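**Q** the amino acid sequence is not available; the structure is as follows:
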Ligand SMILES: Nc1ncnc2c1ncn2[C@@H]1O[C@H](COP(=O)(O)OP(=O)(O)OP(=O)(O)O)[C@@H](O)[C@H]1O
Ligand SMILES: [Mg+2]
Ligand SMILES: [Mg+2]
């Protein structure tokens, strides 16, 4: 077995695990009873103008790795980037005689995800074997839920930013056909130097939720937005870490084209895309490719394709027609998976700790991203697009709310500091919110000084930059060291204003003739002369008074 580089102690551990697996032969649960422009420009499906344009149709299958310490049917740890074949039990390596024991935590995660996506939870679901032959699937089949999955008929609501300036929130929905529990496969690693393929079974048997979406989308941008929303939901629930680059969230994009009103076209399936950006590009490329094929008199084949991120193209992998016989059969070693609605429906004498109760999971659901965005908009009066920015960055909502607690400044004035100044700096330095050298409390202190009229707004921006460069230095320290306090000495300001007026007679003339906008230019000159420290309210009053004399 290429898979096993197990140490003696690991072997012992595995043997112990198998001896635990043998006696009860089955699952724990049974025992206990067990927009981009392309999108926007596309006609809506119901439009009936002729001749009709071909439009894209997209349906996604998302594989989400369940956030659990152990695998779906064995007690091996489920961890990313461990040494190859170090997390492999005999069951994961498909040794004869080993049996699956269902991980309750994975079932709870699937139920929770189903509830968050408005699915119906099947109180009884079934496991099936899906056969195919790959070196990274040692049993020759995957245990999945084909006939009766754990959750069905859900909806994922997501939003896109549209309109000319892309600040209009367009709300969309995609139907979730089902969520099924299944095993992940191992990984084939290609050693080009020695032209050989090596197998790492660490991932073999890790719990996955496959979310199958209906073909409700029409372009790459919609698909990417839906996946991003799903990622945020899974992360909020804690059921999947959702890191696409680590393969915790992998997407298969099914793409076809048709004329609105006509039956759906033949789909191709672009497999295993692990970035939202590539997903959008792969789909848009594939739609365009299929349109060109049809317009040139060709036919689209039902095939599996891969996305090549270097060329930006999709390339054929294998023909799906004729190859789709997975020889599904009921998994004989796993009984039906039973979950209960509430405590009242538990059969007498059952160990409540070993059961999955939907009601309890419902009660534990956290605030979901859509609800959180609406709350932020309603509570703080910020723009909807700002609520998207806040949620898109891990920890930014918490930062914003901590900041608001510590300052009297209006939320609508604070939001720009968070989404422009702070986020801009973080992005430029490729840092996360938790790595920010300026804490929410430190920024609040700066904003309070501005609010109290101790510094001007332009000085506040300058102090922010200095705080970023000198972590730990407070706003008052910087203001004191550099003497940046607001100049509100009337005599001093009168003197500077007079100098500016004397040297700009044309502007004074223009203002006197009613062109009041020119006053801003003069104010700018005073600001420059005082290095941004002049009290703008006083400067405006002094200039107006002097001009009107
Ligand atoms: N004509 C179509 N155009 C675009 N997408 C489609 C079309 N027909 C079906 N789909 C999408 O294809 C996907 C089918 O997924 P499903 O898991 O049911 O089957 P599969 O792809 O054959 O199986 P596997 O899990 O082995 O990939 C769904 O996401 C569905 O929305
Ligand atoms: Mg599928
Ligand atoms: Mg598929």
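**A** Received, thanks. Everything numeric in this text was worked out from a predicted model, so none of it was measured. Ligands and ions are numbered 1, 2, ... in the order given.
**Q** show me which residues of the stretch 51-200 of the chain are close to ligand 1?
**A** Counting by Cβ under 6 Å from any ligand atom, the stretch 51-200 of the chain comes close to ligand 1 at 57, 58, 59, 60, 61. Using the backbone N, CA and C atoms, a C-beta is placed for each residue, glycine as well.
**Q** quick one: which of those is nearest to ligand 1?
**A** Ligand 1 lies nearest to residue 59 out of these, by Cβ to the nearest ligand atom, at 2.2 Å.
**Q** enumerate every residue touching the closest one.
**A** Contacts were defined as Cβ atoms under 8 Å, 6 or more residues apart in numbering; by that measure residue 59 touches 212, 213, 214, 215, 216, 217, 254, 267.
**Q** ok, 7 Å please
**A** Under the criterion of Cβ atoms under 7 Å, 6 or more residues apart in numbering, the neighbours of residue 59 are 213, 214, 215, 254.
**Q** give me the buried subset of those residues.
**A** In terms of neighbour count (16 or more other Cβ atoms under 10 Å), the buried residues within the contacts of residue 59 are 213, 215, 254.
**Q** element containing the last one, please.
**A** Spelled out, that is residue 254. Under the criterion of DSSP states H and E, residue 254 resides in strand 249-258.
**Q** what about residue 336, distance to residue 217?
**A** 33 Å (Cβ to Cβ, to the nearest Å).
**Q** of the two, who's got more company?
**A** Legend: neighbour count by other Cβ atoms under 10 Å for residue 336 and residue 217, higher for residue 217 (25 against 16).
**Q** check which helix or strand the closest residue to the more buried one other than its chain neighbours maps to.
**A** Using Cβ to Cβ, 6 or more residues apart in numbering and skipping the chain neighbours, the partner closest in space to residue 217 is residue 58 (4.1 Å). In this structure, residue 58 sits in strand 55-65 according to DSSP H and E.
**Q** by how many degrees do that strand and strand 249-258 diverge?
**A** Direction vectors for strand 55-65 and strand 249-258, defined by axes from the mean of the first three to the mean of the last three Cα atoms, to 10 degrees, enclose an angle of 160 degrees.
**Q** whatever helix or strand comes next after strand 55-65 - contacts with which helices or strands?
**A** Toward the C-terminus, strand 55-65 is succeeded by helix 104-116 as the next helix or strand (DSSP H and E). In terms of contacts (3 or more Cβ pairs under 7 Å, 6 or more residues apart in numbering; DSSP states H and E), helix 104-116 is packed against helix 28-31, strand 120-121, strand 151-162, strand 168-183, strand 207-213, helix 220-237, helix 358-363.
**Q** make JSON lines from those and add distance to ligand 3 and mean pLDDT to it.
**A** Shown next, in JSON lines, are the helices and strands packed on helix 104-116 (distance: least, Cβ to the ion, whole Å; pLDDT from 0 to 100):
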{"stretch": "helix 28-31", "distance to ligand 3": "27", "mean pLDDT": "28"}
{"stretch": "strand 120-121", "distance to ligand 3": "22", "mean pLDDT": "98"}
{"stretch": "strand 151-162", "distance to ligand 3": "17", "mean pLDDT": "93"}
{"stretch": "strand 168-183", "distance to ligand 3": "11", "mean pLDDT": "95"}
{"stretch": "strand 207-213", "distance to ligand 3": "8", "mean pLDDT": "98"}
{"stretch": "helix 220-237", "distance to ligand 3": "14", "mean pLDDT": "97"}
{"stretch": "helix 358-363", "distance to ligand 3": "28", "mean pLDDT": "97"}
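**Q** as CSV, these with distance to residue 490 would be great.
**A** Below are those laid out as CSV (distance: least, Cβ to Cβ, whole Å):
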stretch, distance to residue 490
helix 28-31, 79
strand 120-121, 71
strand 151-162, 47
strand 168-183, 47
strand 207-213, 67
helix 220-237, 53
helix 358-363, 63
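**Q** for these, which one sits closest to residue 68?
**A** Ranking those by their distance to residue 68 (criterion: Cβ to Cβ) puts strand 207-213 first, at 5.7 Å.
**Q** other residues contacting that closest one?
**A** Among residues not part of strand 207-213, those counted as contacts by Cβ under 7 Å, 6+ apart are 59-66, 68, 71-72, 103, 106, 109-110, 113, 174-184.
**Q** go with 6 Å
**A** Strand 207-213 is touched from outside by 59-66, 68, 72, 106, 110, 113, 174, 176-180, 182, 184, with contacts defined as Cβ atoms under 6 Å, 6 or more residues apart in numbering.
**Q** quick check, the residue nearest to residue 217 in contact with residue 214.
**A** No. At 10.2 Å, residue 58 and residue 214 do not qualify as touching, with contact defined as Cβ atoms under 6 Å.
**Q** contacts for stretch 418-433?
**A** Applying Cβ under 6 Å, 6+ apart, the external contacts of stretch 418-433 come out as 386, 389, 393, 395, 396, 399, 400, 464, 468.
**Q** alright, I will stop here.
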